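Q: Okay, sequence plus prediction incoming.
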Number of protein chains: 2
Amino acid sequence: MNAPDKLSQWLALTREPFPASRKVHVPGQLHREVRVPMREVRLTNGERVTLYDTSGPYTDPTVAVDVRRGLPALRADWIGARGDTEPYDGRAPRPLDDGAKHETREAERLDRLRQEAAGLQRRPRRAKAGHNVTQMHYARRGIVTPEMEFVALRENGRREWMAEYLADAEREGRLRGHPMGACFPEVITPEFVREEVARGRAIIPANINHPEIEPMAIGRNFLVKINANIGNSAVTSSIEEEVEKLVWAIRWGADTVMDLSTGKNIHTTRDWIIRNSPVPIGTVPIYQALEKVGGVAEDLTWEIFRDTLIEQAEQGVDYFTIHAGVRLPFIPMTAKRRTGIVSRGGSILAKWCIAHHQENFLYTHFEEICEIMKAYDVSFSLGDGLRPGSLADANDEAQFAELRTLGELTQIAWKHDVQVMIEGPGHVPMHMIQANMDEQLEHCHEAPFYTLGPLTIDIAPGYDHIASAIGAAMIGWFGTSMLCYVTPKEHLGLPDREDVKQGIIAYKIAAHAADVAKGHPGARARDDALSKARFEFRWHDQFNLSLDPETARDFHDETLPKESSKVAHFCSMCGPKFCSMKITQEVREFAARQGVSEEAALAEGLQAKSAEFREAGGELYVPVRPAS
Amino acid sequence: MNAPDKLSQWLALTREPFPASRKVHVPGQLHREVRVPMREVRLTNGERVTLYDTSGPYTDPTVAVDVRRGLPALRADWIGARGDTEPYDGRAPRPLDDGAKHETREAERLDRLRQEAAGLQRRPRRAKAGHNVTQMHYARRGIVTPEMEFVALRENGRREWMAEYLADAEREGRLRGHPMGACFPEVITPEFVREEVARGRAIIPANINHPEIEPMAIGRNFLVKINANIGNSAVTSSIEEEVEKLVWAIRWGADTVMDLSTGKNIHTTRDWIIRNSPVPIGTVPIYQALEKVGGVAEDLTWEIFRDTLIEQAEQGVDYFTIHAGVRLPFIPMTAKRRTGIVSRGGSILAKWCIAHHQENFLYTHFEEICEIMKAYDVSFSLGDGLRPGSLADANDEAQFAELRTLGELTQIAWKHDVQVMIEGPGHVPMHMIQANMDEQLEHCHEAPFYTLGPLTIDIAPGYDHIASAIGAAMIGWFGTSMLCYVTPKEHLGLPDREDVKQGIIAYKIAAHAADVAKGHPGARARDDALSKARFEFRWHDQFNLSLDPETARDFHDETLPKESSKVAHFCSMCGPKFCSMKITQEVREFAARQGVSEEAALAEGLQAKSAEFREAGGELYVPVRPAS
């Protein structure tokens, strides 16, 4: 089987909608052309639950998708209508864009992939001279863009089905959450989104050359987002695998995807990924720049780096990790660390700085980078090149020196109306997590924080998705806006599709735990709907409301495979005679049968009723009598 | 293949010591007969790391184990030497002990299992008239038992290898942890253990009829422990499977194991489990009592329950979950909950209370229960029968009313010098976890807290080990002494061996994260040793110091299977040219080659050295020159 067939076959599988689910669209009010896709789950009791949906058109059977042509350009008209951009010829392709040398067979294969991707190529756009096309720039000028309204509707979800559960929090203060300084309005309005973007507390990563995205926001007063990393490496993996991983990652809930390719075919891989991605794509441009200089860090130059930024901005990358905070004077601070510099970008720049004994060229050219960012609306993800690689190095001088520098750079970027988020660690024991958030809030002026975990222990290789989900949930609650996932293969090898899924699910758990704890309106509603289904023995609803319906159903079926078990009023943990949920239900039903409220029954007339209960057999499956 | 052969075959596999590991013993000073087993890991650089070891004699190839005869009675002489107990005939076996009715084939099988287990039966002991044989009683009389010294040595581990890492915390205050009110001495002495047990802040579950255990402590000022549940059910599983699960659970780190069997053959299963267990065994006696009355909760009586307690105390159960806090007046408080009463024990007792309109018989007979507990040194695990089963029900009136009652009962138990721990939830969003700990500390007088998770969200069936590891890590840091594991099958089905392992690893992560955050002396040393190995590309050491060496190695080998890769100075994430850890090492080596300190090199002479570095090629694998 050749590669394209394999790809088609695989896509046919992952395009399947989730069970009992269909794609619905919530229309815009300000911008009639806005249609926000959501996933509607039909429950067996007639309820309809609507969920935030990152999977894009792939889970919509009514949309034809051809990965060789890319997704529809949802935002093309919005961008065009603003009249501040223009198409242009763009940078000419260079032989080094896909890496230095290819063996013949590999070169042939790459040619094929380029040809197949011919339908993917677009003419790039950039800002007209003197224009700034960032969402922040519009926001600061008071403009509510379609992207902002899209985000507002998306964050709210459909409030109708949540009413019952929201009322709980109204009544019971303890269920309202503890926002830890975040402040959510009851309903997110487009104007609220604009304000948050204008003040830099949220970003909407949305390169004008990536019109395929369904806009999303990253900010402390919105739902906590997660990022999944994909990307080939020098050792293994292929373009097809990377596109597969993208579609797979967003199916399970990745809000953004970073393409961290470091091997060959970087440019062509990125074409495939961006054109097929409904979520923002981030990159670390220094990785490609390094490939262009044959992997020799000290041969990097500002010119090569700048050219790479333009190359990637034209392709449509939505955010760039820029390690501009790895300043020369901070490098010696890492010499006594247990694990030195573990960030790839950080170590490349450290090597460059030492070799030249010069200040980091990303720092010295930062304003020039801002000029590029604002011409395409690429957001900064200011990289933490000096993040700790072990518990022993957490929260040290080097880490916080860099963080303060990122705060200075944030203000420079904001001067240019360029959107910014700040990357954070890493490896941090639980008792030191809060300090990371506090320092970031203080020194980075509430720009969104984007952390990798953090891992709370170092002894869990093979399970670092769990060791880090603990830290991620906590820092998410404390105010981090996006959590970069960690897969079970972290520190050991390259994640395959199953690892990507495991990492994403662990991070959906962390992000959702944070949303619930913060008291994001409606976050807990899905939990409540699932718990209600669980209590009422609606097994299918319990599966279908869960993060991974298939696994939930499979696990259930391992013990009780029959279809009849899924409507049974018991489960395998206790068996038919001995089920706590069942007993509680009986207690309620018993009280209800008497035509009095269960509370009254329990509090007052228990003596008489208990006799009747015993007469009726006091056993399971008491026949229901008509209410008297 | 018949069952015993299968069992033997399986045991041969799980008896394999961990890679590069051997069993070592630390001798007692006060009690020369005390020998505390630990796992020593030999690193490739000559270092020896010693780890806390729950796996018992199973991982010691020098010990012959026959599961049909049980483990050696390590504590028999200690118990005998105290002179306050005597053997007696014990309660006569009753037909109902193994459940009501058996089909012929099942009856035959049970007979076979009973016969095979003939070597397991012991004559029970109990306290001589007027004596109290609890560890708390000894502690309060100033006696440091061998059990206490065993615990002290076990908690400390071998400090020799940790010195380098402990020095870090000396130097860097931030690494000392935040104990959240716990207070550890630098070195745990036997006298410290005695004090903690005397004041009720720690327990040593150690039934005099379970002399096989390697004693351990559960308390806020000791390492956080984890419990794994096993047990057959009405629907599935067998005795052999349960013994397998026990050995498997302690291999991966379960500090105690609860046998929650609810099906048939409960008594015989328990014989097998206890005689083969080097860790304390807990049960919920109401489960077996319910079987004896055919599953009809309202037919339970104090007499049947009391008889069951004695039956299990004679077998050697180390702690009993007793749901004495499910008081009649609290039951109506659960009527408006989203998920009512989800504890099995809680719902059985609620049903009984309602049916009889009487106060819970465990509450009214509590002092009589204490009399039994102190005759065998069975510890209380006061059950949280009204724990929340969903986020919506967390921290409600019913839950905290019961918790306060458990505090009252704690004081009654302590009046009898009976050891107590307190069970806690359940399902609790992150922002409400701290309140659980605060309430427990306040109302239960620092008796150890033993929580089930808590799960921080409800939408993760299939992944509840992760959803709950987040809550478990946090509450462990806040002061919980033991974490009851949750497997991926929670809410869905019965865990198999792989699920048990996944649950345990997730909880070892949570417990260790808590120990590190609390600053338990030496907890972080294993992380530091692993991080050091990681940084120095000692792959085998990294695997062997991890929680699951086999999985770590397998994950690595999926990408880079060759043996040569395990000594390579790169890994699959970045490939040979582009490795951040490698670059950091080069930076250090470069500085070191010049015969000056790296700090000085970096801070001062960089200009000259950078030229030299470039001359030398500035590439990887620069040939090492003799220092000038």
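A: Ah, there it is. Numbers count the residues shown, from 1 in each chain, chains lettered A, B, ... in the order given.
Q: A:P87: neighbouring residues, count only.
A: Around A:P87 there are 12 other residues, counting by other Cβ atoms under 10 Å in any protein chain shown. Bear in mind the C-beta positions are built from the backbone N, C-alpha and C, glycine included.
Q: do A:T334 as well
A: With other Cβ under 10 Å as criterion, A:T334 counts 30.
Q: Could you pull out the buried residues of the longest helix that chain A contains?
A: Secondary structure assigned by DSSP state H gives helix A:497-518 as the longest helix of chain A. Neighbour-count burial for helix A:497-518, with 16 or more other Cβ atoms under 10 Å in any protein chain shown as criterion, is recorded at A:499-518.
Q: filter those by proximity to chain B?
A: A:505-506, A:509-510, A:512-514, A:516-518 (Cβ under 8 Å from any Cβ of the partner chain).
Q: which stretches of the stretch 501-628 of chain A have low pLDDT?
A: Judged by pLDDT under 70, the stretch 501-628 of chain A has its weakly predicted residues at A:563-587, A:589-628.
Q: make it 90
A: A:521-522, A:536-537, A:557-628 (pLDDT under 90).
Q: and the two most separated of the ones next to chain B among the buried residues of helix A:497-518?
A: The most widely separated members of those, counting by Cβ to Cβ, are A:I505 and A:K518 (20.4 Å).
Q: so how far is stretch A:339-353 off the chain centroid?
A: With Cα atoms, centre = their mean, to the nearest Å as the basis, stretch A:339-353 stands 26 Å off its chain's centre.
Q: Bridged to A:M258, which residues?
A: According to DSSP bridges, the partner residues bridging A:M258 are A:N229, A:G282.
Q: could you list every residue that touches it?
A: A:227-231, A:281-284, A:321, A:484 (Cβ atoms under 8 Å, 6 or more residues apart in numbering or on different chains).
Q: Include pLDDT when you put these into TSV, please.
A: Shown next, in TSV, are those (pLDDT from 0 to 100):
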residue	pLDDT
A:N227	98
A:A228	97
A:N229	95
A:I230	89
A:G231	80
A:I281	98
A:G282	98
A:T283	98
A:V284	97
A:T321	98
A:C484	98
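Q: give me the number of residues near the residue nearest to A:V34 when sequence neighbours are not counted?
A: Leaving aside its chain neighbours, A:V34 sits nearest to A:G28 (2.9 Å; criterion: Cβ to Cβ, 6 or more residues apart in numbering or on different chains). Using other Cβ under 10 Å, A:G28 has 17 neighbouring residues.
Q: go on, A:R174?
A: By the criterion of other Cβ under 10 Å, A:R174 has 14 neighbours.
Q: Equivalent analysis for A:P17, please.
A: Look at A:P17: counted by other Cβ under 10 Å, it has 14 neighbours.
Q: now A:G119
A: Neighbour tally, A:G119, other Cβ under 10 Å: 13.
Q: Tell me if A:E40 really is in a strand.
A: Yes: according to DSSP: H, G, I helix; E, B strand; the rest coil, A:E40 belongs to a strand.
Q: So for stretch A:376-389, mean pLDDT?
A: Regarding stretch A:376-389, the rounded mean pLDDT is 97.
Q: ok now do A:G453, which residues does it touch?
A: A:425-428, A:464, A:467-469, A:471-472, A:483-484, A:486 are the contacts of A:G453 under Cβ under 8 Å, 6+ apart.
Q: let's see it at 10 Å
A: A:387, A:424-428, A:433, A:464-465, A:467-472, A:475, A:483-486, A:490, A:507, A:510 (Cβ atoms under 10 Å, 6 or more residues apart in numbering or on different chains).
Q: Please indicate which of those residues are buried?
A: Burial by neighbour count, judged by 16+ other Cβ under 10 Å, picks out A:387, A:424-428, A:433, A:464-465, A:467-472, A:475, A:483-486, A:490, A:507, A:510 from the contacts of A:G453.
Q: still on that earlier bit, the longest helix of chain A: how far from the chain's middle?
A: That offset, for helix A:497-518, works out to 9 Å (Cα atoms, centre = their mean).
Q: Please apply the same query to stretch A:190-208.
A: Centre-to-centre, stretch A:190-208 and its host chain are 17 Å apart (Cα atoms, centre = their mean).
Q: Now do the end-to-end distance for that stretch.
A: Terminal residues of stretch A:190-208 are spaced 20 Å apart (Cα to Cα, to the nearest Å).
Q: Now it: average pLDDT?
A: Averaged across stretch A:190-208, the pLDDT comes to 98.
Q: how about it: buried residues?
A: Quick answer for stretch A:190-208 (16+ other Cβ under 10 Å): A:190, A:192-208.
Q: Tell me the gap between the helix or strand harbouring A:E240 and the middle of its chain.
A: Using DSSP states H and E, the secondary-structure element containing A:E240 is helix A:239-252. Chain-centre distance of helix A:239-252: 14 Å, with Cα atoms, centre = their mean.
Q: Please work out the angle formed by the directions of that helix and helix A:497-518.
A: Relative orientation of helix A:239-252 and helix A:497-518, computed by axes from the mean of the first three to the mean of the last three Cα atoms, to 10 degrees: 30 degrees.
Q: ok now do the residue nearest to A:G476 when sequence neighbours are not counted, which residues does it touch?
A: Spatial nearest neighbour of A:G476, excluding adjacent residues (Cβ to Cβ, 6+ apart): A:A514 at 2.9 Å. With contact taken as Cβ under 10 Å, 6+ apart, A:A514 is in contact with A:177, A:180, A:182, A:223-224, A:472-481, A:483, A:520, A:523, B:429-431, B:456-457, B:470.
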